[in-house]
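Engineer: what shape does this take:
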Amino acid sequence: MGWNTITTVRASALLEGVSSGAYMYFVHSYAAVPEPGDTVAMTTYGEDLAAAVERGTVMGTQFHPEKSGAAGLRVYANFVSMCAAPVPAQRAG
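Structural biologist: Residues are numbered from 1 along each chain as shown. Sure thing, here's the model as predicted:
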């Protein structure tokens with residue numbers, strides 16, 4: 001719990017513009033164990049843990065963006081931009 005850095009492990013729409021090494025604020029003492037390949041950022045608390053995950057339009061963070069200063073606000077801005085983007089038309093099957 002508290003401030004810790006994240007290390008990006010792959011490109012992420014959610015973390016676009018957030019530097020690897022940015023400090024984020026973690027509040028929980030538990031950790032999610034995502035499917036392989038879904039982790040987009042890691043943090044270390046005695047062991048490596050998933051800090052952010054992304055698969056398609058499903059995303060989540062272990063840290064609290066609203067408590068994470070400018071980097072956290074960038075995460076929210078990215079999310080809002082994704083929500084505001086036009087949805088491509090689906091073709092009938």
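Engineer: for the strand ranked longest in the chain, buried residues please.
Structural biologist: The single longest strand within the chain, with elements called by DSSP state E, is strand 48-55. Residues 49, 50, 51, 52, 53, 54 are the ones in strand 48-55 that count as buried (16 or more other C-beta atoms under 10 Å). For every residue, glycine as well, the C-beta is placed using N, CA and C.
Engineer: does the second one have beta-bridge partners, and which?
Structural biologist: Spelled out, it's residue 50. Listed beta-bridge partners, residue 50: residue 42 (assigned using DSSP bridges).
Engineer: so who does it touch?
Structural biologist: 31, 32, 33, 34, 38, 39, 41, 42, 62 (C-beta atoms under 8 Å, 6 or more residues apart in numbering).
Engineer: next: residue 10.
Structural biologist: Taking C-beta under 8 Å, 6+ apart, one finds 39, 40 in contact with residue 10.
Engineer: go again with 7 Å.
Structural biologist: For residue 10, the contact set (C-beta atoms under 7 Å, 6 or more residues apart in numbering) comprises residue 40.
Engineer: so which strand or helix has it?
Structural biologist: Under the criterion DSSP states H and E, no helix or strand holds residue 10.
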